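Engineer: pasting the sequence and the predicted coordinates here, then a few questions.
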Amino acid sequence: MTLQPTPHSPHHPIKAVLFDLDDTLWHLAPTLVRAEAILYDWLNIHIPGVTQRFSNEELRELRMELLPTDPQFQFNVWALRHAALTRACHLTSENKDLVDQAMAVFSVARNAVQPFDDVAPVLGSLNERYKVGSVSNGFADLGEIGLAPHFKVSIAAHQFGSAKPGAEIFHAACAALAVEPHEAIYVGDDPKLDIQGAQNAGLRAVWMNRFKHTLPDHIVPDASCTNLYELDAWLKRA
């Protein structure tokens with residue numbers, strides 16, 4: 001366990017704890033693979049021209065081709081996926097009106113995540129002592145997942161209009177919780193989006209390293225942990 005404040009972190013009372021979602025509160029990869037498979041099966045039945053022309057991997061490549069074509073795709077993954085399916089329908093002369101239904105199927109499967117075992121009990125504990133919120137670049141629906149009651153504020157990039165690592169989305173979450181950035185900590189797994197982004201915005205950043213990764217030398221979190229129980233123990237000492 002490496003939950004020790006780093007020397008460069010000024011000590012201020014912590015009033016709020018903000019969380020990243022994907023790969024911090026649940027493992028995203030298996031859910032995403034399953035959701036894309038479910039969508040592909042649906043497309044095979046309802047928009048067969050798309051699956052006859054494109055494999056799942058080729059649909060991913062189509063999304064990457066579209067990514068630089070619209071600034072909103074940098075922070076709105078839902079819009080990117082919708083646009084790629086629309087493009088695929090156009091290229092195969094399929095009915096583009098079915099894309100909304102396809103995205104609804106994908107969204108249900110995308111929200112069928114399995115939170116890590118420590119998530120519900122620790123979020124319950126933290127809510128007794130802090131204001132708890134989330135800041136995410138993804139489009140997971142905490143209401144559908146069943147975790148919404150644990151969060152006073154949830155800000156998603158596709159709704160807010162800008163994404164991590166930009167400071168604006170972190171500041172918006174702090175403002176919504178009525179705390180200053182230096183009174184909040186942000187917990188996330190991504191070195192650039194979460195650790196650097198939060199620190200540049202004036203928050204303290206805790207690296208959630210559930211998968212035993214290694215940080216680049218130039219990124220120094222204020223603390224690191226491998227699960228939420230360690231985080232909770234550190235906060236009780238902070």
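Structural biologist: Right, received. Where do you want to start?

Engineer: tell me which residues in the host helix or strand of Met64 are buried?
Structural biologist: For Met64, the host element (DSSP states H and E) is helix 56-66. For helix 56-66, burial by neighbour count (16 or more other CB atoms under 10 Å) applies to 59, 62-63, 66. (Glycine included, C-beta is placed from N, CA and C.)

Engineer: same check, this time on stretch 170-186
Structural biologist: The neighbour-count criterion (16+ other CB under 10 Å) identifies 170-174, 177, 179, 181-186 as the buried residues of stretch 170-186.

Engineer: quick one on the thing from earlier: just after the helix holding Met64, pick out the following helix or strand.
Structural biologist: Sequence-wise, the next helix or strand downstream of helix 56-66 (DSSP H and E) is helix 77-91.

Engineer: C-terminal to the longest helix anywhere in the chain, what's the next element?
Structural biologist: For the chain, the longest helix by residue count, based on DSSP state H, is helix 28-46. Using DSSP H and E, the helix or strand that directly follows helix 28-46 along the chain is helix 48-53.

Engineer: which residues touch Phe106?
Structural biologist: Contacts for Phe106 (CB atoms under 8 Å, 6 or more residues apart in numbering) come out as 35-36, 38-39, 81.

Engineer: name the residue most distant from the centre of this protein?
Structural biologist: Ser93 (33.9 Å; CA atoms, centre = their mean).

Engineer: wait, that residue sits on Ile47?
Structural biologist: No. If you go by CB atoms under 8 Å, Ser93 and Ile47 don't touch, sitting 10.7 Å apart.

Engineer: make TSV from the buried residues of stretch 170-186 and add pLDDT to it.
Structural biologist: Shown next, in TSV, are the buried residues of stretch 170-186 (pLDDT from 0 to 100):
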residue	pLDDT
Phe170	99
His171	99
Ala172	99
Ala173	99
Cys174	99
Leu177	99
Val179	98
Pro181	98
His182	97
Glu183	98
Ala184	98
Ile185	98
Tyr186	99
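
Engineer: out of the residues you listed, flag the one nearest to Leu231.
Structural biologist: Using CB to CB, Ile185 comes nearest to Leu231 of the buried residues of stretch 170-186, at 8.9 Å.

Engineer: tell me the phi and psi of the closest residue to that closest one other than its chain neighbours?
Structural biologist: Leaving aside its chain neighbours, Ile185 sits nearest to Arg204 (4.5 Å; criterion: CB to CB, 6 or more residues apart in numbering). When quoted as degrees, to the nearest 10, the phi and psi of Arg204 stand at phi -80, psi 150.

Engineer: residues contacting Ser125?
Structural biologist: Asp232.

Engineer: ok, and the closest non-adjacent residue to Ala178?
Structural biologist: Here the residue nearest Ala178, using CB to CB, 6+ apart, is Lys131, at 7.8 Å.
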